[in-house]
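*Asks:* Return atomic coordinates for the entry below.
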Amino acid sequence: MKYKHALFLYPYIENHATSVMKLFPPTGLEYVAASAKDYVGKITLLDLRYEKELTNPVSLFSFIKKEIDIICVSIGWDRQFKEICDLLSCLPEDVPLIVGGYKATETTEELFKTCPPIKIIVRGEGEETIREILKGIPLKDILGISYRQDGKVVHNPNRPLPAVDTITPPDRSLRNNDYRLSVNGVNVMNLTFDSVLSARGCPYNCKFCTFSLNPLGQKRNYSARSVDSVVEELEHIDAKVILFSDDNLFADIQRAEKICDGIIEHKIKKRFVAQARLEIAKYPRLLEKMVKAGFKALLLGIESPHDRILAQLNKGFDSAMIREAFKVLNKYPIYYNGYFIYGNIGETKEEMLYISQFAKEIGIDSIATNKLRIEKFSPLRALAEKTPGYHITERGELYSDMYSHATLKKIGRTIKFSFYTPSRYVKILWKNVFVTKFFTFGEIISLSVVIPRLIAASVKREIKKGRFIDSLKRTFLSNKA
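*Replies:* Numbering: from 1, shown residues only. Presented below is the predicted three-dimensional model:
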């Protein structure tokens, strides 16, 4: 083997007292590491969210120099981008540094300029590519990579996207830690978390979606693993809570039913969370099986309460269909979180603020809101560019002459605080304990011990950012309303 010891590094660091960003493993990086197993002598997988002693660049440099002879890093998100670049720039230049992930694919040229140690950037999905790199195939013959050569950056042609059944699932024995909810380092409720990818891609074509097209403009067509392979993987997972990280687990209804049947038949006692579309309300038999199989929560892309915006985003349904769907969904003991987008093209402040009221009207349990982004190959880009007064930053952030970044941020906070009143939190707690039974009563009791710490940490962050008084005002006004 050309390489004796490969380091697979997840470079994100979480310093908050508690963070949902620490609940789940770096699935994409774990897939690439699993694909590399037969082509390198030893693999070390490090998640810097948990490896606090190695978050210092000097400590990490020293660790690498002892025995690592190739480094593979995943950069998937905008957050902490500068900090990650600074960290990578401090790594040994004599150890090959391979970088991949969504954000790395999107910012290939910038990364090469910013981080001298980077030798290769893997663009797009990396499972096949990493094997060829480790086997020592000449770089000029490897599809889907960019690399340094004679002081220049060479970009090879894109790699076709493989069928998902050819990709090796993660090897969980490589992990150094369990994934748990913790507060100030103290484990809460003794709940462990994991994720499973049963399919890649999505058969729908929502215009806003940042995942249907990768940064290369490639459409990831829907590709699913066999039901048996999914059920077998679930059987061997120790975690109590499992997230299906598919874009939509229920894209194939018959396949979803068979997965539920397999979970029930094999008596797999887990709590499942999955992403879905509203169309799932049309299949009561599937919903009944989901409840029996242990599905406790669904993450639903609703996006907007306004028909004009829904048509612009090509969602395939209107507000009346949303209301009808929730009349069905609310009959089942499942927790529903809705995703909404604000700052859409032509959307007024009043339309944005109606999101929280609409969410209450349809009976959804919680919401998550995001500003509209326009990625490089987004079908919405042409509309945004020809609409007077709208602008797109290099990072894909959309704003307008009427609604600046700062204004949109304030609107987002107003939506959030008008929905999340104290009574809302009581309803969320009640549903998760007594309706869906996501949490046992004993787990909630253990959580109550650390709630004061959560409040204290939240207040401390607000004070540090100078927002504490504003937060109190918003909470008071939303309660009054």
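
*Asks:* all strands for the stretch 51-200 of the chain, in order.
*Replies:* In the stretch 51-200 of the chain, the strands defined using DSSP state E, counting those that start in this stretch lie at 70-74, 97-100, 118-122, 145-149, 152-155, 180-183, 186-196, 199-200.

*Asks:* Nearest to Ile444, out of these?
*Replies:* strand 186-196 (7.7 Å; C-beta to C-beta). Any C-beta I mention is one placed from the backbone N, CA and C, and that applies to glycine too.

*Asks:* quick one: Arg443 and Phe272, what's the gap?
*Replies:* Careful, residue 443 is Glu and not Arg. 17 Å (C-beta to C-beta, to the nearest Å).

*Asks:* rank the strands of the stretch 51-200 of the chain by pLDDT, which is bottom?
*Replies:* Per-segment mean pLDDT for the strands of the stretch 51-200 of the chain reaches its minimum on strand 180-183, at a mean of 76.

*Asks:* so Ile423, which of the three states?
*Replies:* No, residue 423 isn't Ile; it's Ser. Of the three states, Ser423 takes helix according to DSSP: H, G, I helix; E, B strand; the rest coil.

*Asks:* what's the neighbour count on it?
*Replies:* 9 (other C-beta atoms under 10 Å).

*Asks:* got a list of what Thr168 touches?
*Replies:* Neighbouring residues of Thr168 by C-beta atoms under 8 Å, 6 or more residues apart in numbering: Tyr31, Ala34, Ser35, Lys37, Glu127.

*Asks:* Same list, these, but as a markdown table with pLDDT and neighbour count please.
*Replies:* Formatted as a markdown table, these follow (pLDDT from 0 to 100; neighbours: other C-beta atoms under 10 Å):
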| residue | pLDDT | neighbour count |
| --- | --- | --- |
| Tyr31 | 94 | 22 |
| Ala34 | 95 | 20 |
| Ser35 | 95 | 23 |
| Lys37 | 94 | 15 |
| Glu127 | 94 | 20 |
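
*Asks:* Three-state assignment for Leu398, please.
*Replies:* Under three-state DSSP, Leu398 comes out as strand.

*Asks:* That one touches Glu375, doesn't it?
*Replies:* No - if you go by C-beta atoms under 8 Å, Leu398 and Glu375 don't touch, sitting 10.4 Å apart.

*Asks:* so where's the stretch 151-300 of the chain uncertain?
*Replies:* Residue ranges of the stretch 151-300 of the chain with pLDDT under 70: 183-186, 204-220.

*Asks:* Quick check: phi and psi on the residue nearest in space to the middle of the chain?
*Replies:* Geometric centre of the chain, nearest residue: Ser245, 7.9 Å, by C-alpha atoms, centre = their mean. Phi and psi for Ser245, reported as degrees, to the nearest 10, are phi -90, psi 10.

*Asks:* hang on, it packs against Phe193?
*Replies:* No - Ser245 lies out of contact with Phe193 (C-beta under 8 Å); the separation is 11.7 Å.

*Asks:* Can you work out which residues contact both of these two?
*Replies:* Phe24.

*Asks:* what about Asn56, how many neighbours?
*Replies:* By other C-beta under 10 Å, neighbour count at Asn56 equals 12.

*Asks:* Can you give me the buried ones in the host helix or strand of Gln254?
*Replies:* Using DSSP states H and E, Gln254 sits within helix 253-265. Within helix 253-265, the residues scored as buried using 16 or more other C-beta atoms under 10 Å are Arg255, Ala256, Glu257, Lys258, Ile259, Cys260, Gly262, Ile263.

*Asks:* I'd like these as TSV, with distance to Gly101 appended.
*Replies:* TSV is the format used below for the buried residues of helix 253-265 (distance: C-beta to C-beta, whole Å):
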residue	distance to Gly101
Arg255	28
Ala256	28
Glu257	33
Lys258	32
Ile259	28
Cys260	32
Gly262	31
Ile263	31
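
*Asks:* of all the residues you listed, which two lie farthest apart?
*Replies:* Arg255 and Ile263 (13.0 Å).

*Asks:* Give me the common contacts of those two.
*Replies:* With C-beta under 8 Å, 6+ apart, Arg255 and Ile263 have no common neighbours.

*Asks:* Make sure Val188 is actually in contact with Leu23.
*Replies:* No - using C-beta under 8 Å, Val188 is not in contact with Leu23, being 10.9 Å away.

*Asks:* what sits against the residue nearest to the centre of the chain?
*Replies:* Residues near Ser245 by C-beta under 8 Å, 6+ apart: Phe24, Thr27, Ser195, Val196, Leu197, Gln275.

*Asks:* If we use 7 Å, what do you get?
*Replies:* Thr27, Ser195, Val196, Leu197 (C-beta atoms under 7 Å, 6 or more residues apart in numbering).

*Asks:* which one is Tyr39 nearest to, not counting chain neighbours?
*Replies:* Distances taken as C-beta to C-beta, 6 or more residues apart in numbering put Leu134 closest to Tyr39, at 3.9 Å, once the chain neighbours are dropped.

*Asks:* Report the separation between that neighbour and Gly126.
*Replies:* On the measure of C-beta to C-beta, Leu134 and Gly126 end up 11 Å apart.

*Asks:* who's more crowded, those two?
*Replies:* Neighbours were counted for Leu134 and for Gly126 using other C-beta under 10 Å; Gly126 has more, 27 against 21.

*Asks:* Help me confirm that Tyr336 comes into contact with Lys296.
*Replies:* No - counting by C-beta atoms under 7 Å, Lys296 is not a contact partner of Tyr336; they are 10.7 Å apart.

*Asks:* one step back: tell me which other helices or strands the helix holding Gln254 touches.
*Replies:* helix 227-235, helix 284-293 (3 or more C-beta pairs under 7 Å, 6 or more residues apart in numbering; DSSP states H and E).

*Asks:* Quick one: closest of these to Leu408.
*Replies:* Using C-beta to C-beta, these put helix 284-293 closest to Leu408, at 35.7 Å.

*Asks:* what does the very next helix or strand once past the closest one contact?
*Replies:* Where DSSP H and E defines the elements, the next helix or strand beyond helix 284-293 is strand 295-303. For strand 295-303, contacts defined as C-beta under 7 Å, 6+ apart pick out 271-278, 310, 313, 315, 322, 334-341, 436, 438.

*Asks:* In strands only, show me these.
*Replies:* Of the contacts of strand 295-303, the ones assigned to strands by DSSP state E are 271-276, 335-341.

*Asks:* follow-up on the earlier one: the strands of the stretch 51-200 of the chain: which one's closest to Gly412?
*Replies:* Across those, closest to Gly412 is strand 180-183 (C-beta to C-beta), at 25.0 Å.

*Asks:* Domains in the protein, by residue range?
*Replies:* As given by automatic domain parsing, the domain ranges for the chain are 5-162, 172-441.

*Asks:* Just give the closest residue to Gly262, not the sequence neighbours.
*Replies:* Val231 (3.6 Å).

*Asks:* So what's the residue count around the one you found?
*Replies:* So Val231, with other C-beta under 10 Å, has 19 neighbours.

*Asks:* Check Val328 too.
*Replies:* When neighbours are counted by other C-beta under 10 Å, Val328 comes out with 15.

*Asks:* how close does it get to Ser400?
*Replies:* For Val328, the distance to Ser400 - C-beta to C-beta - is 37 Å.

*Asks:* rewinding a little: closest to Asn221 out of the buried residues of helix 253-265?
*Replies:* Arg255 (15.4 Å).

*Asks:* Any idea which of the strands of the stretch 51-200 of the chain gets closest to Lys386?
*Replies:* Closest among those, using C-beta to C-beta: strand 152-155, at 29.8 Å.
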